[in-house]
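Asks: here's my sequence, what's the structure:
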Amino acid sequence: MLKKNEESRLSFPHEEPPERGAVFELAPGILWTRIPLPFRLDHVNIYLIEDGDGWAVLDTGIGDQPTRDLWEALAGGALAGRRLTRLIVTHYHPDHIGLAGWLCERHDMPLVTTQTSYLGCRTISLSPGSLDAKPYRDFYARHGMDPETVDLVSSQGHSYLKMVAPLPPTFSRVVDGDTLLIGGREFQALTGDGHAPEQLMLYCPSENIFLAADQVIARITPNISVWAVNPDGDPLGLYLRSLKRLKAGIPADALVLPGHQLPFHGLHERCDELAEHHAERCALIAAACAKKPHSVADLVPVLFTRALDPHQLSFAFSEVHAHVNFMLKRGELRHAASKDGNIRVETA
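Replies: As a prediction, the model looks like this:
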């Protein structure tokens, strides 16, 4: 879920984002624009990289008509006169891949992404009702969610995941360690887990520019979630491992271009802040579970004190679960005895 970082030591070279329908040149041949989103996090950053006689596009926005209309306005306005050469998608969340199929068909360009992003999105697109199935509803119930909330989360909370236009039938795969030549620039491909499996990030060593997707954002913490299809997964452990790798492989003074909010300097500091944030969340869970056993649902108000709509609640529940699984794997929590069939944890 979203978490504001009020005391960051980061620096921001650009204090304001581009206006709707406009582009801003961050560096020669690298443009930044924004696409609105109908959520509390109300935008996604889109980057365009000069690619010969056109622009390579990074990410898309969700698959709805207002987003199509904005892309048409960009093509006829700020981007007029040059073609779109290829679409690079960082991960399979709908605000990043949602309009990929339409954009690729509209501009006759290939889709470039990781295999996990393509297949993960395609699975949801081919079976959009599968997340409402009984095994997944039972998953929420076993972890303490009441029937009314299960109905809300199953029927409304996952609707976000369905905001995707049909994907192109083919894609060009990128794997960690590849080098992408875009125009005159070489970008190193890195992948990270936790927020989304095999999320693609790009680093340009010659200009020290890091396209971080949603792995590192300046003033919010990326959602780290356990989902019903992988109930024992440890996405938080994978995410913290990714942060260490970024600190080891990307210079501290790189210009970070994130998937949301403003570009910034201070990558290593932000990685440390994110790791500290999750340590604090684990401490809150440990304190609560030291008093009595808790289900994941019991722990949601421990970490999220404000009222949540179904969309937010599904993410909050899944993020709490990520912390619980992480602490179980580290031996800080253990499963408690239960007489009602619900799964609860206590301090080990």
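Asks: quick one, strands of the stretch 151-300 of the chain?
Replies: Ranges of strands in the stretch 151-300 of the chain, per DSSP state E, counting those that start in this stretch, are 172-173, 179-182, 185-192, 199-204, 209-213, 255-258, 264-265.
Asks: looking at those strands, which is closest to Val300?
Replies: strand 199-204 (25.0 Å; C-beta to C-beta). Bear in mind the C-beta positions are built from the backbone N, C-alpha and C, glycine included.
Asks: parallel or antiparallel, list what pairs with that closest one.
Replies: strand 185-192 (antiparallel), strand 209-213 (antiparallel) (DSSP bridges).
Asks: make TSV from these and add mean pLDDT to it.
Replies: What follows is those, written out as TSV (pLDDT from 0 to 100):
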stretch	mean pLDDT
strand 185-192	98
strand 209-213	98
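Asks: picking up where we left off before, reformat the strands of the stretch 151-300 of the chain as CSV; add mean neighbour count and distance to Gly29.
Replies: What follows is these, written out as CSV (neighbours: other C-beta atoms under 10 Å; distance: least, C-beta to C-beta, whole Å):
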stretch, mean neighbour count, distance to Gly29
strand 172-173, 12, 21
strand 179-182, 15, 9
strand 185-192, 21, 8
strand 199-204, 25, 11
strand 209-213, 26, 11
strand 255-258, 22, 13
strand 264-265, 21, 20
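Asks: want to throw those into a markdown table with distance to His321?
Replies: Putting these into a markdown table (distance: least, C-beta to C-beta, whole Å) gives the following:
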| stretch | distance to His321 |
| --- | --- |
| strand 172-173 | 30 |
| strand 179-182 | 35 |
| strand 185-192 | 20 |
| strand 199-204 | 19 |
| strand 209-213 | 23 |
| strand 255-258 | 25 |
| strand 264-265 | 30 |
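Asks: which one of the ones you listed lies nearest to Leu111?
Replies: Leu111 lies closest to strand 172-173 among the strands of the stretch 151-300 of the chain, at 6.8 Å (C-beta to C-beta).
Asks: for the chain, longest helix please?
Replies: helix 267-291 (DSSP state H).
Asks: could you give the angle of that helix to strand 209-213?
Replies: 30 degrees (axes from the mean of the first three to the mean of the last three C-alpha atoms, to 10 degrees).
Asks: show me what helix 267-291 is packed up against.
Replies: helix 235-249, helix 296-303, helix 310-329, strand 333-335, strand 345-347 (3 or more C-beta pairs under 8 Å, 6 or more residues apart in numbering; DSSP states H and E).
Asks: and of these, who's closest to Val57?
Replies: So among the helices and strands packed on helix 267-291, helix 235-249 is nearest, using C-beta to C-beta, at 23.6 Å.
Asks: on that earlier part again, can you say which of the strands paired with strand 199-204 is nearest to Gly76?
Replies: It is, among the strands paired with strand 199-204 and with distance given as C-beta to C-beta, strand 209-213, at 25.8 Å.
Asks: please enumerate residues in contact with the closest one?
Replies: 26-27, 30, 47, 58-59, 90-91, 96, 187, 199-204, 250, 254-259, 267 (C-beta atoms under 8 Å, 6 or more residues apart in numbering).
Asks: before we move on, what about stretch 93-104?
Replies: 35, 37, 44, 57, 59-64, 67-68, 71, 84, 87, 89-91, 109-111, 113, 117, 121, 160-168, 196, 213-214, 259.
Asks: could I get the average pLDDT for stretch 44-56?
Replies: Averaging pLDDT along stretch 44-56 yields 97.
Asks: low-confidence stretches in this protein?
Replies: Filtered on pLDDT under 70, the chain yields the residue ranges 1-8, 126-131, 155-160.
Asks: make it 90
Replies: 1-9, 39-40, 122-137, 146-163, 227-229, 307-315, 337-341 (pLDDT under 90).
Asks: great, nothing more from me.
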